[in-house]
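Participant: starting from these lines, generate the structure:
(one chain, ligands or ions: 1)
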Amino acid sequence: MPTSPSPPILYSFSTSKELSDAVAHFIVKAQKESIEKKGRFTVAISGGSLPKQLNALIGKPGLKWDKWQVFYADERVVPLDHPDSNHKLCMDELFSKVPIPLDNIHTIDPSLADDIEELSDAYEQELIHEFAQKDSARFPIFDLILLGVGPDGHTASLFPGHPLLTEEGSWVAYIEDSPKPPPKRITLTYPVINHAARVAFVASGAGKADILKTVLDKPEEGLPASRVRPAAPGHLYWFLDDAAASKVEYPKTPYKL
Ligand SMILES: O=C(O)[C@H](O)[C@@H](O)[C@H](O)[C@H](O)COP(=O)(O)O
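Facilitator: As a prediction, this is how the structure comes out:
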């Protein structure tokens, strides 16, 4: 049974190249451990600036792309080739440049867009198909969930003050009033995020400095990103650049490549 969360581990890097290289190194290591244990690597990825920051994975040795099972931590309810689609973004930035079998990338079904509840349930079924039969767990245990953080402290499509923050049963939930456009989205819920083996936030730039100070130094304020606390044996990692980390007092750990 999961127990109380271990403290977050914060890394900060002086350049965006060092940040991307460390994130790639971390992912290779997580992938290796997961494949050794279970023969597969289950990952959930957010949108925003994150997919671009994964570019150090392109051409990196040691990656077993055929063992990856990729889901989206959140997705905008738009066609898969729409400029707002997180899937399109991830394809453009990463997946079209690496030998991952397309069947291993689990997208929403935009043909259900007229009924967002059905679309969200169908995505939950996609997760159940991957996880429930194999791990028979109440919630899926992702090997890695990669998240960003927005200027209001949101993460995935979990926004401050939204009723979704208290969702306890569903694996996937939908929102139709996202303050960040586009308004219709689906998102993994906290029970899923907080059951993961590893959750890693990646954020960069001085524009994130104030919100990261609140998220990391004042978790009691309960911003959505502060509520990400994977239960033991899960771990939470923050990969920042020095500009983003400039106001944070939470102690940094040196990253060992
Ligand atoms: O689809 C989305 O909108 C994202 O998943 C969202 O949660 C994102 O990760 C943050 O808004 C940070 O975005 P940036 O990295 O672009 O600041």
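Participant: what pLDDT does the residue of the stretch 51-200 of the chain found nearest the ligand get?
Facilitator: Closest contact between the stretch 51-200 of the chain and the ligand, by CB to the nearest ligand atom, is at residue 148 (2.7 Å). (Glycine included, C-beta is placed from N, CA and C.) Predicted confidence (pLDDT) for residue 148: 98.
Participant: list the contacts of it.
Facilitator: 46, 47, 48, 49, 50, 155, 201, 202, 203 (CB atoms under 8 Å, 6 or more residues apart in numbering).
Participant: let's have those in TSV, adding secondary structure.
Facilitator: Shown next, in TSV, are the contacts of residue 148 (DSSP: H, G, I helix; E, B strand; the rest coil):
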residue	secondary structure
46	coil
47	coil
48	coil
49	coil
50	helix
155	strand
201	strand
202	strand
203	strand
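Participant: can you count the residues close to the nearest residue to residue 226 once chain neighbours are set aside?
Facilitator: With sequence-adjacent residues excluded and distances taken as CB to CB, 6 or more residues apart in numbering, residue 226 is closest to residue 219, at 4.1 Å. Other residues within reach of residue 219 by the criterion other CB atoms under 10 Å amount to 16.
Participant: just to revisit the earlier point, kindly identify which of the contacts of residue 148 also come near the ligand.
Facilitator: Among the contacts of residue 148, the residues that sit close to the ligand (CB under 6 Å from any ligand atom) are 46, 47, 48, 49, 50, 155.
Participant: can you say which of these are buried?
Facilitator: 46, 47, 48, 50, 155 (16 or more other CB atoms under 10 Å).
Participant: now do the same for the first one: its pLDDT.
Facilitator: On pLDDT, residue 46 comes in at 98.
Participant: measure how buried the residue nearest to residue 131 when sequence neighbours are not counted is and give me the count.
Facilitator: Spatially, and ignoring its direct neighbours in sequence, residue 131 is nearest to residue 140 (3.6 Å; CB to CB, 6+ apart). By the measure other CB under 10 Å, the count of residues near residue 140 is 22.
Participant: again with the one 4 residues further on
Facilitator: Residue 144 is surrounded by 21 other residues when neighbours are defined as other CB under 10 Å.
Participant: can you tell me how far it is from residue 29?
Facilitator: Using CB to CB, to the nearest Å, residue 144 is found at 10 Å from residue 29.
Participant: cool, residue 90 as well?
Facilitator: 21 Å.
Participant: more crowded one of the two?
Facilitator: residue 90 (23 against 12).
Participant: what residues are up against residue 12?
Facilitator: 240, 241, 242, 244, 245, 252.
Participant: please redo it, this time with the cut-off set to 10 Å
Facilitator: Listed by CB atoms under 10 Å, 6 or more residues apart in numbering, the contact partners of residue 12 are 18-19, 22, 204, 238-246, 248, 252-255.
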